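> A structural model of the following input is requested.
(chains A and B)
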Amino acid sequence: MRDVSLDIQPGELVALLGPSGSGKTTLLRVIAGLNSPDRGRVLFDGENATNLPVQDRHVGMVFQNYALFKHMTVADNIVYGLRVRPRRTRPSRAAIKARVTELLQFVQLDGLGGRYPSQLSGGQRQRVALARALAIEPRVLLLDEPFGALDARVRKDLRRWLRDIHKQTGLTTVFVTHDQDEAMELADRVVVLNEGRIEQIGTPEELYDRPASPFVISFVGEAVALPVTIADGHVTFGGRELHIDTHGLRSGPARVFFRPADIAVTAEGSGDLEGRVESLRRTPAGVRATIAIDGYDQTLEIDSPLDRSASLGGRVPLSLAKARIFPADENGDYVDAGDGI
Amino acid sequence: MTSPSLVGKNARRFTAPSVIPGFGLTFGYTLIYLGLIVLFPLATLIWQSSGLGFSGLYEIASEPRVAASLRTTFFISFAAAVVDLFFGLIVAWVLTRYDFPGRRLLDAFVDLPFALPTAVAGISLAALYSPNGWFGAPLADYDIKIAFTRWGILVALIFIGLPFVVRTVQPIISELEAELEEASATLGAGRLQTVIRVMLPPLAPALLTGFALAFARSIGEYGSVIFIAGNIAYVSEIAPLLIVVKLEQYDVPGATGIATIMLAISFAALLLINLVQAWSRRRFGHV
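Residues are numbered from 1 along each chain as shown, chains lettered A, B, ... in the order given. I've put the predicted structure just below:
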């Protein structure tokens, strides 16, 4: 991990989003104290926790495979964190018992306290793991790929449920995911990670509307990238000029990114781009055309109202409503960021 | 009864239909081989000693020299198995949990006591621990004698039994996820608590199996022990040796009597261990 600086507000629900190997789980484990950073510090409420051992950090961690203690019942799993406390701070037997009942109710597993983890479904195990983490009244709740091992339907239910839990407990929560829908739906703020670096930190709106790097724009939602050239403040693609502000980028190769929704069929003679209609399909509101843009190797599906004329195999002008331009360095990698239109 | 059944009401089926049939054949072989190789010789032993009757067996068992040798055998075997339990667990832990140069080589060394002729082991151990051996000489300075005492027997039996514990526990350790320890730690448990509450319970059945195997092996061990034990009657003479001694004196009933008594005690001990194991499997069965 390199130069990662992240400030999480109390009570926030933050997602660490990135492809596998991007360092998101490592970052989570550093917060938990399971990995120690070579350099840098971890602060809890402004207090340096870098050298605080895991045991004393009071983090509630939910592991990807839940890591439930299989030889203990659900109830024993949940109160494990209370039972291992030194006698001085350990709650009384009665208090522990009451806590189990309360937590089982909270995670909607009433009456299952006597079961063993192997007798539960995946979603139930997940909730036991969460209850176990909540039992110690943690300062932060950390979840590693909380929905990774579940099937799609259970995943959707649990997502909503986690959101509710967060609202009810008000706990600062950090979760790791590789699923951008999950991150965007759940989190107040999303941290996009790539190759051990933070690409962008922002609300879902900010990430959609003002992606800070080519990586973010292509990872968060679908995006089309066109190789362009900037010369004398003009942006050209395949010999055609695109009406895009260069934002002071130097002349040279660059790349324009836009979302498929931001391109539309336009009136004759006014488009930025031109394409050939490969197929046409009727939709309730208009037509959906598959269009091959000249000079671009993939096709795009573009919805248009009925009155825009387009015929199969015909050529249509296309205009960009919104795009972002990023410069390319010599190797074709994209460095700095600049705003689009 | 809604579904039609091909099997009659009272017909019993021992096997579910399977892609690999042949229950009858394999079960037959199992019975024949178990009978021929294990049960038949044991039956002969009991047949041979049955002439003695219970009173005869009791007489042999209460013979001071025999009683002493039985005590020596079972007590030291038990002690050796306990020591193997601890060291075997540590060795298995190190070999599975850590990656270090030479790990595979070390792992292979564990099996040596299996492969080595036990007499070779006994002679080497006796040479090492004898009062002028590499280990024996410095120990002798502190007035500690290992070879030719009961301690010598213990050393030999520890050596013989170690691989049993290591090999039975190893696969279970490698199945234990490291995340379990981490989960325990994040919940505030100290290292000792994590070991006792989280790591050991799932290992208990395998540890018991290893213990039982090491114990059983030690009871029957002969070759390595006789070279290091000194074989002093009433002190460091093991029951298997006494059987040989009796046979050499053409005292066949005496030999079979000791053998039968050993068989009975071993069987009782292993049965007890199996019961404990069944209990622990029930207790920690959801592993």
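
> let me know the secondary structure of the residue lying closest to residue A:266 once chain neighbours are set aside.
Distances taken as CB to CB, 6 or more residues apart in numbering or on different chains put residue A:319 closest to residue A:266, at 4.0 Å, once the chain neighbours are dropped. Yep, even glycine has a C-beta here, placed from its N, CA and C like the rest. The local conformation at residue A:319, judged by DSSP: H, G, I helix; E, B strand; the rest coil, is strand.

> I'd assumed residue A:268 was in contact with residue A:319.
No. Residue A:319 is beyond contact range of residue A:268, at 11.5 Å (criterion: CB atoms under 8 Å).

> neighbour-wise, which of the two wins?
More crowded of residue A:319 and residue A:268, by other CB atoms under 10 Å in any protein chain shown: residue A:319, with 16 against 9.

> thinking again about what came up before, tell me how far the residue nearest to residue A:266 lies from chain B.
Using CB to the nearest CB, to the nearest Å, residue A:319 is found at 53 Å from chain B.

> what pairs with that residue across the strands?
Under DSSP bridges, the beta-bridge partners of residue A:319 are residue A:264.

> got the contact list for it?
Applying CB atoms under 8 Å, 6 or more residues apart in numbering or on different chains, we find residue A:319 in contact with A:263, A:264, A:266, A:270, A:271, A:272, A:273.

> from those, which is closest to chain B?
residue A:263 (46.0 Å; CB to the nearest CB).

> spell out which parts of the stretch 51-200 of chain A neighbour chain B.
Contact residues, the stretch 51-200 of chain A versus chain B (CB under 8 Å from any CB of the partner chain): A:53-61, A:63-65, A:67-71, A:80-81, A:84-85, A:116-119, A:132-133, A:135-136.

> can you map out the helices along the stretch 51-200 of chain B?
Along the stretch 51-200 of chain B, the segments classed as helices by DSSP state H, counting those that start in this stretch run B:53-62, B:64-97, B:103-109, B:112-115, B:118-129, B:136-141, B:150-175, B:178-186, B:191-193, B:200-220.

> export these to JSON lines and tack on distance to residue A:238?
Shown next, in JSON lines, are the helices of the stretch 51-200 of chain B (distance: least, CB to CB, whole Å):
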{"stretch": "helix B:53-62", "distance to residue A:238": "102"}
{"stretch": "helix B:64-97", "distance to residue A:238": "59"}
{"stretch": "helix B:103-109", "distance to residue A:238": "59"}
{"stretch": "helix B:112-115", "distance to residue A:238": "73"}
{"stretch": "helix B:118-129", "distance to residue A:238": "82"}
{"stretch": "helix B:136-141", "distance to residue A:238": "87"}
{"stretch": "helix B:150-175", "distance to residue A:238": "58"}
{"stretch": "helix B:178-186", "distance to residue A:238": "52"}
{"stretch": "helix B:191-193", "distance to residue A:238": "65"}
{"stretch": "helix B:200-220", "distance to residue A:238": "64"}
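
> still on that earlier bit, can you tell me how far the residue nearest to residue A:266 sits from residue A:114?
65 Å (CB to CB, to the nearest Å).

> pLDDT below threshold where in chain B?
By pLDDT under 70, the weakly predicted segments of chain B are B:1-15, B:284-287.

> around chain A, pick out the residues from it.
Listed as neighbours of chain A in chain B under the rule CB under 8 Å from any CB: B:177, B:179-180, B:182-190, B:193, B:197-198, B:201-202, B:283-284, B:286-287.

> run through chain A and note the low-pLDDT ranges.
Low-confidence regions of chain A, defined by pLDDT under 70, span residues A:306-310, A:329-341.

> longest strand in it, by residue count?
In chain A, with assignment by DSSP state E, the single longest strand is strand A:273-282.

> what residues sit buried inside that strand?
A:273, A:275, A:276, A:277, A:280 (16 or more other CB atoms under 10 Å in any protein chain shown).

> for that strand, C-alpha coordinates in CSV please.
Extracted C-alpha coordinates of strand A:273-282, given in CSV (Å, rounded to 0.1, in the frame of the first residue of the first chain):
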residue,chain,number,x,y,z
LEU,A,273,-18.9,11.6,-33.8
GLU,A,274,-20.3,9.4,-36.5
GLY,A,275,-21.4,5.8,-36.3
ARG,A,276,-23.1,3.0,-38.3
VAL,A,277,-26.3,1.5,-37.1
GLU,A,278,-25.7,-2.2,-36.7
SER,A,279,-29.1,-3.2,-35.3
LEU,A,280,-32.4,-1.6,-34.3
ARG,A,281,-34.8,-2.7,-31.6
ARG,A,282,-38.1,-1.1,-30.5
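
> how far is stretch A:76-89 from where the chain is centred?
34 Å (CA atoms, centre = their mean, to the nearest Å).

> swap in stretch A:8-15?
Centroid displacement of stretch A:8-15 relative to its chain, using CA atoms, centre = their mean, is 14 Å.

> cool, stretch A:93-113 as well?
32 Å.

> repeat for stretch B:218-236
Put simply, stretch B:218-236 sits 17 Å off its chain's centre (CA atoms, centre = their mean).

> cool, and stretch A:25-37?
Mean-position distance between stretch A:25-37 and its chain equals 19 Å (CA atoms, centre = their mean).

> what about it, near chain B?
Yes. Counting by CB under 8 Å from any CB, chain B has neighbours in stretch A:25-37: A:32, A:33, A:34.

> what sits closest to the last one if chain neighbours are left out?
Which is residue A:34. residue B:182 (5.4 Å).

> wasn't residue A:183 part of a helix?
Yes. According to three-state DSSP, residue A:183 belongs to a helix.

> can you pull the contacts of it?
By CB under 8 Å, 6+ apart, the residues touching residue A:183 are A:15, A:17, A:177, A:190, A:204.
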